[in-house]
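S.K.: generate a structure from the sequence data that follows.
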Amino acid sequence: MQTLAQRDGGLLESIAQFCRISGMAESTFGRHAVNDGKFVARLRDGARVTPETLDRVSRYMALRGIATPQAPHELRQLIRVAGRPPGAAQAGTAEDAPSRNFRFFDNRQKYLLFVSTCGEKEMIARRVGMELANLRPRPPAVRVFDAGMGDGTVLTRVMREMHRRFPTMPFYFVGKEVSLEDVRLSLAKMADRFFEHP
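M.R.: Residues are numbered from 1 along each chain as shown. Presented below is the predicted three-dimensional model:
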């Protein structure tokens, strides 16, 4: 049986070397090993895999004459947590529950995919724009609070409509968001709004 060099390698290195040796694309490997063509790409993006998935990958590689590591460094923490006896006390910290963190990340990605591919943001911005007709702003500014601004799509559309309705009135925006990545995306989208309405 052929063995891969695994000093401190890991699952990704094993898969990459297996694909080079066998002349197989990584997407084909994922499809054959675990029925997921994006398996290797997900690993590269930091996704976790269960011990069962590791077993399936190991079996697939072993059937083709390649040995895999017992516990690659990507999975050591997950395997350690999954291998606890049922009566063991849980500390409850984020480090002790990687599957919980992964579930949050996975659900957030599904939610972002949903809101990015439907017209919900456009409809909300349009509705807020209609409500602006009822405002009678008083100095010092038109105040807006967005309690979950996401990637700033709705807020930037509302800012555009506010500028159309109140071109000379100062605006005061307060936004709340848990994701620093979303805050970065929001600020990137707002550059032209700040230029338009200084």
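S.K.: domain-wise, how is this structure divided?
M.R.: 1-118, 120-196 (automatic domain parsing).
S.K.: compute the first-to-last residue distance for the shortest one.
M.R.: This points to domain 120-196. 25 Å (CA to CA, to the nearest Å).
S.K.: and it, how far out from the chain's middle?
M.R.: The chain centroid and the centroid of domain 120-196 are separated by 24 Å under CA atoms, centre = their mean, to the nearest Å.
S.K.: does F145 touch F171 like I think?
M.R.: No - with contact defined as CB atoms under 8 Å, F145 and F171 do not form a contacting pair (11.8 Å). (Each C-beta comes from the backbone N, C-alpha and C, glycine too.)
S.K.: those two: who's more crowded?
M.R.: Between F145 and F171, counted using other CB atoms under 10 Å, F171 has the larger neighbour count: 17 against 10.
S.K.: now do the spatially closest residue to the more buried one that is not a sequence neighbour against R56, distance only.
M.R.: Computed as CB to CB, 6 or more residues apart in numbering, the closest residue to F171 that is not its neighbour in sequence is V142, at 5.2 Å. Distance from V142 to R56, counting by CB to CB, to the nearest Å: 57 Å.
S.K.: and R48, by the same measure?
M.R.: Distance of R48 to R56, given as CB to CB: 15 Å.
S.K.: the residue nearest to F171 contacts P167, doesn't it?
M.R.: No - V142 is beyond contact range of P167, at 11.4 Å (criterion: CB under 8 Å).
S.K.: those two: which is more packed in?
M.R.: Neighbour comparison, V142 and P167: the larger count goes to V142, with 17 against 9 (by other CB under 10 Å).
S.K.: next up, the contacts around that one.
M.R.: Applying CB atoms under 8 Å, 6 or more residues apart in numbering, one finds that V142 lies in contact with L135, M162, F166, M169, P170, F171, Y172.
S.K.: for the fifth one, what are its contacts?
M.R.: Spelled out, that is P170. P170 touches P140, A141, V142, counting by CB under 8 Å, 6+ apart.
S.K.: doesn't D192 fall inside a helix?
M.R.: Yes - under DSSP: H, G, I helix; E, B strand; the rest coil, D192 sits within a helix.
S.K.: tally of neighbours for it?
M.R.: Neighbour tally, D192, other CB under 10 Å: 11.
S.K.: now do it against K121, distance only.
M.R.: 17 Å.
S.K.: any stretches of the chain with poor pLDDT?
M.R.: Applying pLDDT under 70 to the chain flags the ranges 1-9, 67-105.
S.K.: which residues of it fall in helices?
M.R.: Secondary structure of the chain (DSSP state H): helices at 11-22, 26-34, 39-44, 51-63, 76-82, 98-117, 120-131, 153-165, 180-189, 191-196.
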